[in-house]
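[1] Build me a model:
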Amino acid sequence: MKDIINSRCGWAGTDELYIKYHDEEWGRPVSDDKTLFEFLVLESAQAGLSWLTILRKREGYRRAFHGFDVEKVARMTAEDVERLMRFDGIVKNRLKINSAVNNAKLFMAVQEEFGSFYRYVLSFFPNHQPVVNHFSALTQIPAVSPESEAMSRDMKRRGFRFFGPTICYAFFQATGFVNDHIEGCFCNAAQYAKSQPHVQPETLITGPEGTNAEMRHSRP
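    Numbering: from 1, shown residues only. Predicted coordinates:
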């Protein structure tokens, strides 16, 4: 795969849906919990599949999971799961559908504990700030990070499913907690990261690994 295709990260290729996602969403900071829940559902559904497969079913997931309204998803029943097993708009995997309902309940518990899921995610990052990488080749982009390993471990402890460290890192990339646009891409961090920063919380958040100031950030 070429590192750069048409002034974009090469992974976007020439598929129009992938290009739109790359240009308008990937690496762009997200602080809204509803959007974060959407990506939590979508990234969990991706496990074992290609991201493009999930993007093509995104509107189906929106219909299936009440527009990603976390409270409505948390109230979904066994009957709802059976209905979705007959719905062609999503990946019909019973474990993944059940995990979306389970994760919605836990997502709300995290919101209650931290004030928002956004604040919870930031608690794993040094100084509550996203990571902006400066890679020159796609092969330099890692599959996991210290932050994704720590957050995935804590989420597993809380009972979340289908959210291992690789999926967690993909979630970071999708929601701008990590910016991995490579040099030569017109979406490279240097062009817009400073104009769309994550807002630093007013108070220090203590995460399961200690305060983020105590974490040691490193890259392979």
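
[2] Give me the number of neighbouring residues for Phe163.
    22 (other Cβ atoms under 10 Å). Heads up, the C-betas are built off the backbone N, CA and C, glycines and all.

[3] Tell me the predicted confidence for it.
    As predicted, Phe163 sits at a pLDDT of 96.

[4] so how far is Met151 from it?
    Distance, Phe163 to Met151, by Cβ to Cβ, to the nearest Å: 8 Å.

[5] do Lys2 as well
    32 Å.

[6] Neighbour count for those two, which is higher?
    A count of neighbours by other Cβ under 10 Å puts Met151 above the other of Lys2 and Met151, at 27 against 10.

[7] mind listing what that one touches?
    Val121, Phe124, Cys168 (Cβ atoms under 8 Å, 6 or more residues apart in numbering).

[8] same check, this time on His181
    Contacts of His181 (Cβ under 8 Å, 6+ apart): Cys9, Trp26, Gly27, Cys187, Asn188, Ala189.

[9] would you list those in TSV and tack on distance to Val132?
    TSV is the format used below for these (distance: Cβ to Cβ, whole Å):
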residue	distance to Val132
Cys9	15
Trp26	14
Gly27	9
Cys187	12
Asn188	10
Ala189	4
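
[10] hmm, which of the residues you listed are the buried ones?
    Cys9, Trp26, Gly27, Cys187, Asn188, Ala189 (16 or more other Cβ atoms under 10 Å).

[11] Out of those residues, which comes closest to Ala74?
    Nearest to Ala74 out of these is Trp26 (Cβ to Cβ; 27.6 Å).

[12] who's in contact with that closest one?
    Gln173, Ala174, His181, Cys187.

[13] buried residues in the helix ranked longest in the chain?
    The helix that spans the most residues within the chain, counting by DSSP state H, is helix 94-114. Within helix 94-114, the residues scored as buried using 16+ other Cβ under 10 Å are 96-108, 110-111, 114.

[14] now it: mean pLDDT?
    Per-residue scores along helix 94-114 average to 98.

[15] Which secondary structure elements does it sit against?
    helix 33-46, helix 70-74, helix 78-84, helix 117-122, helix 146-158 (3 or more Cβ pairs under 8 Å, 6 or more residues apart in numbering; DSSP states H and E).

[16] So for Val91, which of those sits nearest?
    Nearest of these to Val91, taken as Cβ to Cβ: helix 33-46 at 5.6 Å.

[17] returning to that earlier point: pick out the most distant pair among the contacts of Trp26.
    Ala174 and Cys187 (13.4 Å).

[18] related to what we said a few turns ago, from the buried residues of helix 94-114, pick the one nearest Phe65.
    Ala100 (6.3 Å).

[19] which residue sits closest to the closest one, ignoring its sequence neighbours?
    Val41 (5.1 Å; Cβ to Cβ, 6 or more residues apart in numbering).

[20] got a list of what the one you found touches?
    Tyr61, Phe65, Phe68, Val73, Ala100, Asn103.

[21] ok, and the closest non-adjacent residue to the first one?
    In space, Tyr61 comes closest to Ile90 once its chain neighbours are excluded; the distance is 5.3 Å by Cβ to Cβ, 6+ apart.
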